[in-house]
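generate coordinates for the sequence data below:
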Amino acid sequence: MAATSQRSAPRRARVRFGSQGRRAPTAMRLLGAGAVATALAAAPRPAGGQDYLDDRRGIAAAVGGGLSSAGLNCNPRCSGDRRAGPVFTARGIGYITPHLAVAVSADGYYQSVARAGGAGRWQMNWFTLGAMWYPREDGDVYFRAGMGAAIMHAHTTFPSVGALDLDTRHVGFVAGVGRDYRLWRGYGVTAFADYLFTPRSTGYLYGVESGAEVGADVLTIGIAAIVF
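The predicted model follows:
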C-alpha cells in the first residue's frame with residue numbers, strides 16, 4: 001500500500017465483519033496434566049538434595065523446546081480452536097543471588113494450517129525480559145515471570161468474511177515454573193511449564209488495518225539444556 005505524504009488516520013482494509021464476540025481459549029488436557037506433573041516434581045526435597053546452589057553464580061545459557069497448545073482470541077469471533085505444536089526456547093540468565101536471576105528469553109511457536117491454495121501458518125514469537133526466583137537456597141525449583149514483545153502471524157477464518165492472514169505486534173507476557181537438574185558441574189537440564197500470552201490487538205492484512213483484533217496464548221511443557 002502506498003503511504004500518504006501527510007499523517008492521517010490509519011488506513012483500514014476493506015473487510016466487513018459480522019457481530020462482535022470473543023472466544024476464550026481453553027488449555028489441552030494433556031498439557032494441563034503435564035504442568036501439574038512439573039509442579040509436583042518441583043516439590044521441595046530433603047536437605048542435601050540441591051543440585052545447582054554452587055552453579056547459581058555469574059551467567060548461564062539455556063536452549064530447548066517442548067510441546068505446546070496455542071489458541072487465538074479474536075474480536076469478532078474467529079476459528080481460534082487450539083492447536084498442538086512445537087515450541088522452541090532460548091534464555092540468557094544472569095544470577096544476582098542464589099535466590100534471584102534476571103532472564104532474557106525468546107520463545108517461538110510454529111504450526112502449519114490448511115488453507116485454500118496452499119498451507120498457512122500460525123507463527124508466534126515472544127521476546128521477554130524477566131526474573132527467575134528460587135524460593136529455597138538449597139532447592140532447584142524456580143518460578144519465572146517476564147514481559148516484552150509478542151509478534152504473531154496467523155491464518156484464521158472469520159465466519160462473515162472467510163480466511164485471512166493477519167499480523168500483530170503487541171506486548172507479551174510469560175509466567176512459568178521449572179526445576180533444574182544437574183548432570184555434572186557446569187551442565188544440566190531444566191524442565192519447565194510456561195504460559196505465554198498476548199492480549200488482543202489490531203490485526204494487519206498485508207500491512208493495512210483489517211478491523212479485527214487478535215490475541216493469542218500458548219501453554220507449553222518442555223526441557224532445555226543449561227550451560228554455565
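
host element of the residue nearest the centre of the chain?
Centroid-nearest residue in the chain: L196, 3.4 Å away (criterion: CA atoms, centre = their mean). Assigned by DSSP states H and E, L196 falls within strand 187-205.

who does the longest strand seen in the chain pair up with?
Secondary structure of the chain per DSSP state E: the longest strand is strand 162-184. Strand 162-184 pairs in its sheet with strand 141-158 (antiparallel), strand 187-205 (antiparallel), by DSSP bridges.

adding distance to P135, write those strands out as TSV.
Every residue, glycine included, has its C-beta placed from N, CA and C. Output for these, formatted as TSV (distance: least, CB to CB, whole Å):
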stretch	distance to P135
strand 141-158	7
strand 187-205	16
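
as JSON lines, these with mean pLDDT would be great.
Below are the strands paired with strand 162-184 laid out as JSON lines (pLDDT from 0 to 100):
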{"stretch": "strand 141-158", "mean pLDDT": "94"}
{"stretch": "strand 187-205", "mean pLDDT": "94"}
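
what's the closest of these to C78?
Nearest to C78, of all the strands paired with strand 162-184, is strand 141-158, at 4.6 Å by CB to CB.

export the closest one as PDB, just CAs?
Below are the C-alpha coordinates for strand 141-158, written out as PDB (Å, rounded to 0.1, in the frame of the first residue of the first chain):
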ATOM      1  CA  VAL A 141      12.700 -25.200  41.900                       C
ATOM      2  CA  TYR A 142      12.100 -21.700  40.300                       C
ATOM      3  CA  PHE A 143       9.300 -19.500  39.200                       C
ATOM      4  CA  ARG A 144       9.700 -17.100  36.400                       C
ATOM      5  CA  ALA A 145       7.700 -14.100  35.000                       C
ATOM      6  CA  GLY A 146       8.500 -11.500  32.400                       C
ATOM      7  CA  MET A 147       7.200  -9.100  29.800                       C
ATOM      8  CA  GLY A 148       8.300  -7.800  26.400                       C
ATOM      9  CA  ALA A 149       7.100  -8.000  22.800                       C
ATOM     10  CA  ALA A 150       4.900 -10.600  21.100                       C
ATOM     11  CA  ILE A 151       4.900 -10.800  17.300                       C
ATOM     12  CA  MET A 152       2.400 -13.100  15.600                       C
ATOM     13  CA  HIS A 153       1.200 -14.200  12.100                       C
ATOM     14  CA  ALA A 154      -2.000 -16.200  12.000                       C
ATOM     15  CA  HIS A 155      -4.100 -17.700   9.200                       C
ATOM     16  CA  THR A 156      -7.600 -17.800  10.600                       C
ATOM     17  CA  THR A 157     -11.200 -17.800   9.500                       C
ATOM     18  CA  PHE A 158     -13.900 -15.300  10.300                       C
END
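
quick check: buried residues in it?
For strand 141-158, burial by neighbour count (16 or more other CB atoms under 10 Å) applies to 141-142, 144, 146, 148, 150-156, 158.

for stretch 82-97, same thing?
For stretch 82-97, the buried set under the neighbour-count rule, 16+ other CB under 10 Å, comprises 82-83, 85, 87-89, 91, 93, 95.

can you list contacts of it?
Residues outside stretch 82-97 that contact it (CB atoms under 8 Å, 6 or more residues apart in numbering): 25-28, 56-71, 101-111, 113, 122, 132, 192, 194, 218, 220, 222, 224.

grab the nearest non-local neighbour of Y204.
Excluding its sequence neighbours, the residue lying closest to Y204 (CB to CB, 6 or more residues apart in numbering) is D167, at 4.8 Å.

the one you found contacts H155, correct?
No: counting by CB atoms under 8 Å, D167 does not reach H155; the two are 10.6 Å apart.
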